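Chemist: got a sequence here, can you model it:
(2 chains)
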Amino acid sequence: MSPAESMDLLSRGCAEIISRRELEKKLSAGRPLRVKLGVDPTAPDIHFGHTVSLQKLRQFQDLGHEGILIIGDFTAMIGDPSGRSATRPQLTHDEVLANARTYQEQAFKVLDKAKTKVVFNGEWFRDMTFTDVIKLNSRVTLQQMLQREDFRERLDKAQPIRAHEVQYPIMQGWDSVMIRADVELGGTDQLFNIMVGRDLQKEEGQEPQVAMMLPILEGLDGTQKMSKSLGNAVGVNEAPGAMFGKVMSVSDALMARWYVLLLGREIAREAHPMAAKKELACALVERFHSAGDAAHALEEFEKRFSGRDLENAELPAFTPAVPLIDVITAAVEAYNACFGQAKSRSDVRRLVTQGSVQWRGEKVTDPKAMLDLSRPGILRLDKTRAVRVG
RNA sequence: GGGCAGGUUCCGGAGUGGCCAAACGGGGCAGACUGUAAAUCUGCUGGCUUAUGCCUUCAGUGGUUCGAAUCCACUCCUGCCCA
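Modeler: Below you'll find the model as predicted:
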């Protein structure tokens, strides 16, 4: 592939590249570029949002470049302040390392393992002395660090900014120096951090990295950035059925975004939104599981939701402790046993009185109703959860 | 170190002695309607064997009071200004 063609492919889907000229120059040098992507294992799972940049890194790999996946075991302990209105809770190094393990595993669902170098940034931060830290800090000014929007906002709102948070961009920037990155990938909210990397590289006499910013993927709610802590994420490790269902529940507007950011293409103009959404869901389940899983998930979905046929759908089996119990106890046990959810009885009572719970196809709205669970049947709990008894 | 303003349920934020499990908004959940979409409408949103009932909660501890989120004392935490 010619440099111009590579350029065309690689810049597709990017929100911003700083700068295109530099990237063209690097590409035409003909050597494999060192492409950096940093991830902070603050949670054990990777979600769709992460895959946008992972996918871009994969493109680089497919063109013969080297992917350097930085596991921010040290930076994760600080927590990236980007887009944050509050200090993140601090994780211990052990927690971070545990997360890092599953992170890598999941990242390789997208990346080419053979062309990926995994580096922990603790490798260089761990051994730094306080003198080194001071020296590093003296290269930037507080004003520069505070310029960034998230900090300024907190300043305006009189919310605390802890001194260690200011270290974050400096550390991320130093990562770029240590691995001599040619390109750094990240979401648009990473602009500031990535630019600090360029500055530090220049000071160290390195050719500055190209910053490639990818759009931020909105989560299930359709407005906020996908993030596990906001509860609007779809994890790459989720079961095919759950993944499929979550994708189906997004709004049409969000579906269009996901098409572009996750599949890299537009929705077919003539497609019915429902059909388009099923296609999206299939494509994603196939990517993170398999074509067979995707077909199966689609079939189950149609059976269960379009056909409203709970009878023949795949449901977790539930064996009650006692065959004859009241609805509330039954539902609480089912939530707990089949979905690992500890619902309070009050919570379940609400579901019952509001008409969400059904036994053998009948709504049970009386919280005192007794169910004879010695008979086989389906106990529906809420919109997406139901269990099979007997 | 000094002065001032604050710390309320998931979030924002009202409440300044009983009518407070605590207004209102957001978010979330459920029902109706649907395409498990959006929009809309309705309801719910601390816990408990649902109870004009009890229990836990308004930063913490201790007090005053028949009664405290509300008053007092001390402590912890945050911001702003001054040094």
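
Chemist: now A:Glu22: closest residue in space that isn't a chain neighbour?
Modeler: Excluding the flanking residues, the one nearest A:Glu22 by C-beta to C-beta, 6 or more residues apart in numbering is A:Val210, at 5.1 Å. C-beta coordinates here come from the backbone N, C-alpha and C atoms, glycine included.

Chemist: please report the distance of the one you found from RNA strand B.
Modeler: Distance, A:Val210 to RNA strand B, using C-beta to the nearest atom of the strand, to the nearest Å: 36 Å.

Chemist: just to check, that residue is in contact with A:Lys25?
Modeler: No: using C-beta atoms under 8 Å, A:Val210 is not in contact with A:Lys25; the gap is 9.1 Å.

Chemist: could you verify that A:Asn237 is part of a helix?
Modeler: No: A:Asn237 sits outside any helix when classified using DSSP: H, G, I helix; E, B strand; the rest coil, being coil.

Chemist: now the lowest-mean-pLDDT helix or strand in chain A: how far from the chain's centre is it?
Modeler: Across the helices and strands of chain A, mean pLDDT, DSSP states H and E gives its lowest value to helix A:75-78, namely a mean of 82. The chain centre lies 18 Å from the centre of helix A:75-78; the measure is C-alpha atoms, centre = their mean, to the nearest Å.

Chemist: one more: stretch A:242-254?
Modeler: Centroid displacement of stretch A:242-254 relative to its chain, using C-alpha atoms, centre = their mean, is 15 Å.

Chemist: could you do stretch A:20-34 as well?
Modeler: Offset of stretch A:20-34 from its chain centre (C-alpha atoms, centre = their mean): 29 Å.

Chemist: tell me, how many residues neighbour A:Glu22?
Modeler: By other C-beta atoms under 10 Å, the residues close to A:Glu22 number 18.

Chemist: sorry, back to before: of A:Val210 and A:Lys25, who's got more company?
Modeler: Neighbours of A:Val210 and A:Lys25, each counted by other C-beta under 10 Å, are more numerous for A:Val210; the result is 26 against 13.

Chemist: show the backbone phi and psi for the more buried one.
Modeler: phi -90, psi 130 (degrees, to the nearest 10).

Chemist: who in chain A is up against RNA strand B?
Modeler: By the rule C-beta under 7 Å from any atom of the strand, the part of chain A lying against RNA strand B is A:155, A:158-161, A:221-222, A:244-245, A:248-252, A:255, A:273-274, A:277, A:301, A:304-306, A:344-347, A:349-351, A:354-356, A:367-368, A:382-384.

Chemist: out of the residues you listed, which are buried?
Modeler: Neighbour counting over the residues of chain A next to RNA strand B (16 or more other C-beta atoms under 10 Å) leaves A:161, A:244-245, A:248, A:250, A:255, A:277, A:301, A:304, A:349, A:351, A:356, A:367, A:382 as the buried ones.

Chemist: if we can go back for a sec, need the contact partners of the least confident helix or strand of chain A.
Modeler: A:38, A:40-42, A:88, A:90-93, A:96, A:99, A:121, A:164-165, A:167-168, A:171-172, A:175 (C-beta atoms under 8 Å, 6 or more residues apart in numbering).

Chemist: three-state assignment of the closest residue to A:Lys363 other than its chain neighbours?
Modeler: Counting by C-beta to C-beta, 6+ apart, A:Gly355 is the residue found nearest to A:Lys363 once chain neighbours are left out, at 5.2 Å. The three-state label given to A:Gly355 by three-state DSSP is coil.

Chemist: hang on, the earlier thing: in helices, which of the buried ones among the residues of chain A next to RNA strand B fall?
Modeler: Counting by DSSP state H, those place A:244-245, A:248, A:255, A:277, A:301, A:349, A:351 in helices.

Chemist: pLDDT weak spots in chain A?
Modeler: Applying pLDDT under 70 to chain A picks out residues A:89.

Chemist: tell me, what residue is most central in it?
Modeler: Residue closest to the mean C-alpha point of chain A, counted by C-alpha atoms, centre = their mean, is A:His47 at 2.5 Å.

Chemist: need the contact list for that residue.
Modeler: Here A:His47 is in contact with A:226-228, A:233-236 (C-beta under 8 Å, 6+ apart).

Chemist: apply 6 Å and report the result again.
Modeler: Applying C-beta atoms under 6 Å, 6 or more residues apart in numbering to A:His47 gives the contacts A:226, A:233-235.

Chemist: quick check: A:Ser374 touching A:Pro323?
Modeler: Yes: with contacts counted by C-beta atoms under 6 Å, A:Ser374 reaches A:Pro323, the gap being 3.8 Å.

Chemist: what about the strands in the stretch 51-200 of chain A?
Modeler: A:66-71, A:116-120, A:183-187 (DSSP state E, counting those that start in this stretch).

Chemist: relative to RNA strand B, which of the ones in helices among the buried ones among the residues of chain A next to RNA strand B is nearest.
Modeler: RNA strand B has its nearest neighbour among these in A:Gly245, at 2.8 Å by C-beta to the nearest atom of the strand.

Chemist: leaving out chain neighbours, which residue sits closest to the closest one?
Modeler: Per C-beta to C-beta, 6+ apart, closest to A:Gly245 is A:Thr384, 6.2 Å.

Chemist: next one: A:Asp309 from RNA strand B, what distance?
Modeler: A:Asp309 sits 12 Å away from RNA strand B, taking C-beta to the nearest atom of the strand as the criterion.

Chemist: using the three-state scheme, assign that residue.
Modeler: Secondary structure assignment for A:Asp309 (three-state DSSP): coil.

Chemist: could you report the neighbour count for it?
Modeler: Number of residues near A:Asp309 (other C-beta under 10 Å) recorded here: 11.
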